[in-house]
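**Student:** Please find the sequence and the predicted model below.
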Amino acid sequence: MYFSLPEEYREANAATLNNRIEEARSRLGHRLCLLVHHYQRMEIVAHADYLGDSYALSKLAAGQKDAEIIIFCGVHFMAESADVLTSDQQMVYLANPLAGCPMADMADMADVLEAWEYLKPFGGADQFMPVSYMNTTAGLKAFTGRNGGLICTSSNARAALEYAYDRRDKVFFFPDENLGMNTGNQLGLKPEEMVIWDFSRQNGGLTEDEIAQARLILWKGHCHVHTNFTVDQITHIRQEYPDVQVIVHPECIPDVVDAADGAGSTRYIVEYCEKATAGSVIAIGTEVNLIHRMAEEYPDKTILQLSGEICPVCANMYRTTLNDLAYCLDHHADLKPIRVPESDRADALLSLQRMLEIG
Ligand code: 13P
Ligand code: SF4
C-alpha cells in the first residue's frame with residue numbers, strides 16, 4: 001500500500017501542524033480519543049489523551065464508551081485490538097496506516113495453523129493451549145480465542161502462562177521466543193521443557209522426543225529492536241557507572257534479562273524511572289524514544305541508553321509524525337478505519353477478554 005500525504009500536510013512546519021491538531025481536538029471534543037504508545041515521538045506524546053503500554057492502551061480502548069473516533073498512534077496490531085475491544089459504532093484509525101510490527105509479521109497464519117495441527121497430537125486431546133503475544137494479527141488472536149487460549153502483553157505474560165498451566169499441560173506461545181523464554185524461566189521451567197519451533201524447518205526443526213518432553217513450545221520470532229542489547233553492553237556500563245541500575249524490556253534475550261537488575265513492560269520502565277531517587281543512574285534497554293523522554297522528564301536522574309552508540313529505534317513506531325496525525329484528524333471521515341473482519345471479531349475478542357480478566 002502506498003500512502004503519501006497531500007503537500008499541504010507534508011510541507012507544513014511543526015507550529016502549523018500543532019495548531020491544526022489542537023483545533024481538530026477542540027472541534028471533536030469528547031467524540032475523539034487519542035491513544036498513544038510510549039515509543040512514539042515526543043511531539044506526538046504531547047497530544048495524547050492517554051499514553052500507555054500495549055496492555056494499558058487496550059484496557060483504555062475497551063473503556064471508551066463515548067468516543068466515536070479513536071485515533072491510535074502506535075502500530076497496526078494495537079489499532080486492531082482497539083477495534084475488537086470497541087463497539088461497531090466506534091471507528092478506530094491508525095494515524096500512520098503503514099506502521100506495522102516486524103515481529104507480528106513473523107507469525108504467519110498458515111504457518112501457525114500448520115504448526116498447531118502438527119503439535120496437537122503430542123499433547124493428547126485438548127492438552128495444548130495457545131498463548132499469543134499482543135504483537136500478532138487479529139486473525140491469530142481469533143485462532144487463539146477459538147482454541148481456548150488468551151493474549152498476553154509484556155506486563156502480564158507470567159499471569160497468562162499461569163492461567164494456561166492451570167488448565168492445560170502444554171503451551172504453544174507465539175510469536176516472541178524471548179518473552180516466552182523469559183517468562184518460562186520466571187516460572188521455573190527447565191531448559192529441556194522449552195523448545196523453539198522454527199517455522200522455516202520441517203516439523204519446526206524438532207524431534208518427536210523434544211516435543212513430547214516440552215511444556216512450552218516457543219515460536220521462533222523476535223523483536224529486531226530489543227535483540228540489539230547484549231550482556232557485553234551491561235558489563236561495560238557497570239564498569240563505567242558502578243552504581244547503575246540496568247532495566248530492560250522482556251523482549252530482550254534471556255541472557256540480557258538475567259544480567260539486568262530488572263525487566264518489564266514499557267509501563268514498568270516508566271514507573272521505575274519515576275520512582276527512582278534523585279541522583280540515580282539508570283541504563284535502559286528498550287526503544288530509544290522512550291529512553292530520551294525519560295531522560296528529559298527526569299533531569300535529576302542520569303538516564304542512559306544501554307546500547308551506547310547503537311540506536312535502538314523502532315522505525316515503525318517512529319513512522320507516525322505530526323503530519324500524519326494532523327492529516328488523520330482533519331480527514332478521518334474520508335479515511336478507512338481499521339476493521340477486523342467479522343469472521344474473526346468474536347474469537348479475537350474472547351482471547352483479549354481473557355487477558356483483561358487476568359489483569
Ligand atoms: P509494551 O507491551 O511494553 O507496551 O510493548 C509493546 C512493544 O511492542 C514492545 O516492543
Ligand atoms: Fe514490534 Fe519491536 Fe517495534 Fe515493538 S519495538 S512494535 S515488537 S518491532
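**Tutor:** Nice, I can see it. Numbers count the residues shown, from 1 in each chain. Ligands and ions are numbered 1, 2, ... in the order given.

**Student:** buried ones in stretch 346-355?
**Tutor:** Across stretch 346-355, burial judged by 16 or more other C-beta atoms under 10 Å covers Asp347, Ala348, Leu349, Leu350, Ser351, Leu352, Arg354, Met355. C-betas here are computed from N, CA, C, even on glycine.

**Student:** got the residues of the chain near ligand 2?
**Tutor:** Within the chain, the positions lying close to ligand 2 (C-beta under 6 Å from any ligand atom) are Val75, Cys101, Pro102, Met103, Asn135, Cys223, Val225, Glu251, Glu287, Cys314, Asn316, Met317.

**Student:** Wait, the fourth one touches Lys220, no?
**Tutor:** No: the criterion here is C-beta atoms under 8 Å, and Met103 misses it with Lys220 at 11.2 Å.

**Student:** Looking at these two, which is more packed in?
**Tutor:** Met103 (28 against 18; other C-beta atoms under 10 Å).

**Student:** list the buried ones in whichever strand or helix holds that one?
**Tutor:** Per DSSP states H and E, Met103 falls inside helix 102-105. For helix 102-105, burial by neighbour count (16+ other C-beta under 10 Å) applies to Pro102, Met103, Ala104.

**Student:** quick one on the thing from earlier: with the buried residues of stretch 346-355 in mind, which one is nearest to ligand 1?
**Tutor:** Nearest to ligand 1 among the buried residues of stretch 346-355, counting by C-beta to the nearest ligand atom, is Met355 at 11.5 Å.

**Student:** Show me the strands in the protein, by range?
**Tutor:** All strands of the chain, identified by DSSP state E, fall at 32-37, 50-52, 69-73, 91-94, 128-133, 150-152, 170-174, 194-197, 216-219, 245-248, 262-263, 281-285, 302-305.

**Student:** Mind listing the strands the shortest one pairs with, and their directions?
**Tutor:** Listed by DSSP bridges, the sheet partners of strand 262-263 and their directions read strand 245-248 (parallel).

**Student:** Over to the first one?
**Tutor:** In the sheet containing strand 32-37, its partner strands are strand 50-52 (parallel), strand 69-73 (parallel), by DSSP bridges.

**Student:** These: which one's closest to ligand 1?
**Tutor:** strand 50-52 (7.4 Å).

**Student:** hmm, the closest one in reach of ligand 1?
**Tutor:** No: contact of strand 50-52 with ligand 1 (C-beta under 6 Å from any ligand atom) is absent, the minimum separation being 7.4 Å.

**Student:** what about Leu34, distance to Cys328?
**Tutor:** Remark: distance between Leu34 and Cys328 (C-beta to C-beta, to the nearest Å) = 10 Å.

**Student:** which residues do these two both contact?
**Tutor:** The contact sets of Leu34 and Cys328 overlap at Ile71 (C-beta atoms under 8 Å, 6 or more residues apart in numbering).

**Student:** returning to that earlier point: kindly reformat the residues of the chain next to ligand 2 as CSV containing pLDDT.
**Tutor:** Compiled in CSV, these are given as follows (pLDDT from 0 to 100):
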residue, pLDDT
Val75, 98
Cys101, 98
Pro102, 97
Met103, 97
Asn135, 97
Cys223, 98
Val225, 97
Glu251, 98
Glu287, 97
Cys314, 97
Asn316, 97
Met317, 98
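
**Student:** Out of these, flag the one nearest to Lys59.
**Tutor:** Asn135 (16.7 Å; C-beta to C-beta).

**Student:** Now the closest one: closest residue in space, sequence neighbours ignored.
**Tutor:** Computed as C-beta to C-beta, 6 or more residues apart in numbering, the closest residue to Asn135 that is not its neighbour in sequence is Ala104, at 4.6 Å.

**Student:** The one you found reaches Lys141, doesn't it?
**Tutor:** No: with contact defined as C-beta under 8 Å, Ala104 does not count as touching Lys141 (10.5 Å).

**Student:** a markdown table for the buried residues of stretch 346-355, including distance to Gly204 and pLDDT?
**Tutor:** Formatted as a markdown table, the buried residues of stretch 346-355 follow (distance: C-beta to C-beta, whole Å; pLDDT from 0 to 100):
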| residue | distance to Gly204 | pLDDT |
| --- | --- | --- |
| Asp347 | 24 | 98 |
| Ala348 | 25 | 98 |
| Leu349 | 29 | 97 |
| Leu350 | 26 | 98 |
| Ser351 | 22 | 97 |
| Leu352 | 27 | 96 |
| Arg354 | 25 | 96 |
| Met355 | 25 | 96 |
